[in-house]
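Engineer: only the shape, not the letters, is given here:
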């Protein structure tokens, strides 16, 4: 059975996800002796965000509609926290595409 998640739970999760994303974007690369490029820091932060979103969706067994609601709530939170529009679009688009192509969804569909 697919999970139904309230708007309040989605908003709370979006706040947590954006907080983690903000930390990852701002944090210097400690593992590398060289200074990390802004692109590599952003890519790493995005990958971490995508993993966190995928884990939440899997744990909650969100349907496509639930995943879309999460993506929209995440978009609203990114905008509320003042992220640039192009970054908000990129993150929201990628989260939405990943939600539609999630591996566990393919496995349930038999493909």
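Structural biologist: Yes, it's here. All values derive from a computational prediction rather than experimental measurement.

Engineer: find the nearest non-adjacent residue to residue 10, please.
Structural biologist: Spatially, and ignoring its direct neighbours in sequence, residue 10 is nearest to residue 73 (4.5 Å; C-beta to C-beta, 6 or more residues apart in numbering). Every C-beta, even on glycine, is put in place using the N, C-alpha and C of the backbone.

Engineer: who's in contact with that neighbour?
Structural biologist: 7, 10, 11, 13, 14 (C-beta atoms under 8 Å, 6 or more residues apart in numbering).

Engineer: I figured the second one hits residue 69, correct?
Structural biologist: Spelled out, it's residue 10. Yes. If you go by C-beta atoms under 8 Å, residue 10 and residue 69 touch, sitting 5.8 Å apart.

Engineer: ok, which stretches of the chain are helices?
Structural biologist: 7-26, 38-60, 64-80, 85-100, 103-109 (DSSP state H).

Engineer: make CSV out of those and add mean pLDDT.
Structural biologist: Below are those laid out as CSV (pLDDT from 0 to 100):
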stretch, mean pLDDT
helix 7-26, 93
helix 38-60, 87
helix 64-80, 92
helix 85-100, 85
helix 103-109, 51
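
Engineer: and the ones you listed, which is most packed in?
Structural biologist: helix 64-80 (a mean of 18; mean count of other C-beta atoms under 10 Å).

Engineer: quick one, that one and helix 38-60 angle?
Structural biologist: Interaxial angle, helix 64-80 versus helix 38-60 (axes from the mean of the first three to the mean of the last three C-alpha atoms, to 10 degrees): 140 degrees.

Engineer: tell me the angle of helix 64-80 relative to helix 7-26?
Structural biologist: Going by the same axes, to 10 degrees, helix 64-80 makes 50 degrees with helix 7-26.

Engineer: any idea how far residue 38 is from residue 55?
Structural biologist: 26 Å (C-beta to C-beta, to the nearest Å).

Engineer: now residue 12
Structural biologist: 30 Å.
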